[in-house]
Each structure stands twice: as structure tokens, then as C-alpha cells.
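# give me coordinates for this.
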Amino acid sequence: MARKMKVRAFIKDGGITVVKALMFHPMETGLRKDKKTGKTIPAHFIQEVDVQLNGNKVLTCLWGPVVSKNPFLSFDISDTKAGDTVQLTWTDNTGASESATATIA
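This next block holds a predicted model:
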């Protein structure tokens, strides 16, 4: 299976953790047409992204079809330490989901 998400988490100056995630997803709006067949490409997009720090939810993003292909998400978390784990999980409108975990360095 191809990797569908890359996640990095690191502590920067001031003790704040920066989390960066790249999610590989087509993010189709349902409005575009296939150039060869002329048929509408069905909607296929990430609806929800959940973030957990050591098993506790810290962020939920609700997305729609207007987010670009292969979305990138970056955010900061406070009150962390090296060795903590950050888990990101996305769920799309078809019910598919993907998770990735990063250890804070």
C-alpha cells in the first residue's frame, strides 16, 4: 500500500512543538469533468482531520471539497516534550481513512 501521509513533529525555540503533515489525496470537488470521457468525476475529499497528543484529542479540522489536492497542514502545540507522540487521522467522504504517527524530536 502506498504511503498516504507524512508527519513530522519537532520542538522549536520557546518549547512549542511544530507539527507538519502532508496528506496524499486527490481532493476532487465533484464538479470537474474527465477530459477523455466528458463524464463528471465524483466528489472525493477529506472531510475530517483529527489530531491526538499522547491519545488526547487536541485538534479537529472539518474540511470540504475546496481544499487543494495533497493538502499540507501545519500547526503548533504547547505543553509537549521530546518523546511525546502525535497522531493524525483523516476521514474522507467515501468513509476511507488513514492515520500516521510522529514522535516529537
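
# need the contact list for the residue nearest to Pro65 when sequence neighbours are not counted.
Among residues not flanking Pro65 along the chain, Thr29 sits closest, at 4.0 Å (CB to CB, 6 or more residues apart in numbering). The C-beta positions use only the backbone N, C-alpha and C, and glycine is treated the same way. Shown in contact with Thr29 (CB atoms under 8 Å, 6 or more residues apart in numbering): 43, 45, 65-66.

# return the residues in contact with the residue most central in space within the chain.
In the chain, the residue lying closest to the centroid (CA atoms, centre = their mean) is Met23, at 4.9 Å. Contacts for Met23 (CB under 8 Å, 6+ apart) come out as 4-5, 46, 49, 70-73, 88, 90, 98.

# now with 10 Å, please.
4-7, 46, 49, 63, 67, 69-73, 88, 90, 92, 98, 100 (CB atoms under 10 Å, 6 or more residues apart in numbering).

# before we move on, what about Thr85?
9, 52-55, 101-104.

# do you know how far it is from Leu53?
7 Å (CB to CB, to the nearest Å).

# what's the overlap in contacts for the two?
With CB under 10 Å, 6+ apart, Thr85 and Leu53 have common neighbours 9, 104.

# related to what we said a few turns ago, what's the pLDDT at the residue nearest to the centre of the chain?
Note on Met23: pLDDT of 97.

# hang on, the earlier thing: between the contacts of Thr29, which has the most around it?
Phe45 (20 neighbours; other CB atoms under 10 Å).

# perfect, that will be all.
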